[in-house]
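>>> Fold the following and give me the result.
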Amino acid sequence: MLAAAVLGAAVLPATAANAAPPSTSDAIDSAWEATHAGAVASGTRWTEGQWPSTTLHVAGALRGPGTGCASVWVRWVYDLAPGLETRIATACDGGTVDVATETSYWPTTTGSLRVCAGESGTGDCGQPISLTTW
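You can find the predicted model right below:
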């Protein structure tokens, strides 16, 4: 604490907003769900490993709309630099498919997932959900 005061740095208590990602020993299975245009994607997310070698896993299923197709898209942001949005699953005509993705997970990693109508493109989508808010 004295070193922080001497250096003029702020010392913050560890909170969900600024704490390091959960490690394997205190990993949290956290449910997620995203919907749009009759399609539903849901599952769990969890971390494995000790920082700095932590991996965030996202797994679940996408049930497509009764007619047509829907896709799940994910975007990871590393150190404030957003990556491209990537399609990770597509289900059509009421069918169900697995949803799975993983990424290296650091305290500065954020990610979101959303369901979009169709097999390609993100022009008609539901609200993104956070994959990294615990």
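>>> any idea how far the helix or strand encompassing Gly60 is from the chain center?
Secondary structure from DSSP states H and E places Gly60 in strand 55-63. With CA atoms, centre = their mean, to the nearest Å as the basis, strand 55-63 stands 9 Å off its chain's centre.
>>> strand partners of it, parallel vs antiparallel please.
Looking at strand 55-63 with DSSP bridges, its partner strands are strand 39-48 (antiparallel), strand 96-104 (antiparallel).
>>> Tell me which of the ones you listed sits most buried.
strand 39-48 (a mean of 19; mean count of other CB atoms under 10 Å). To be clear about C-beta, it is placed using only N, CA and C from the backbone, and glycine gets the same treatment.
>>> Pull the residues that contact that strand.
For strand 39-48, the external contacting residues (CB atoms under 8 Å, 6 or more residues apart in numbering) are 21-24, 27-35, 54-65, 70, 72, 89, 91, 99, 105, 113, 115, 117, 131.
>>> can you rerun that using 7 Å?
21-22, 24, 27-34, 54-65, 70, 72, 91, 99, 105, 115, 131 (CB atoms under 7 Å, 6 or more residues apart in numbering).
>>> Same question for stretch 106-124.
Against stretch 106-124 from outside (CB under 7 Å, 6+ apart): 20-21, 32, 34-37, 39, 41, 52, 68-79, 85, 90, 103, 125-132.
>>> buried subset of those residues?
21, 32, 34-37, 39, 41, 69-76, 85, 90, 103, 125-126, 128-129, 131-132 (16 or more other CB atoms under 10 Å).
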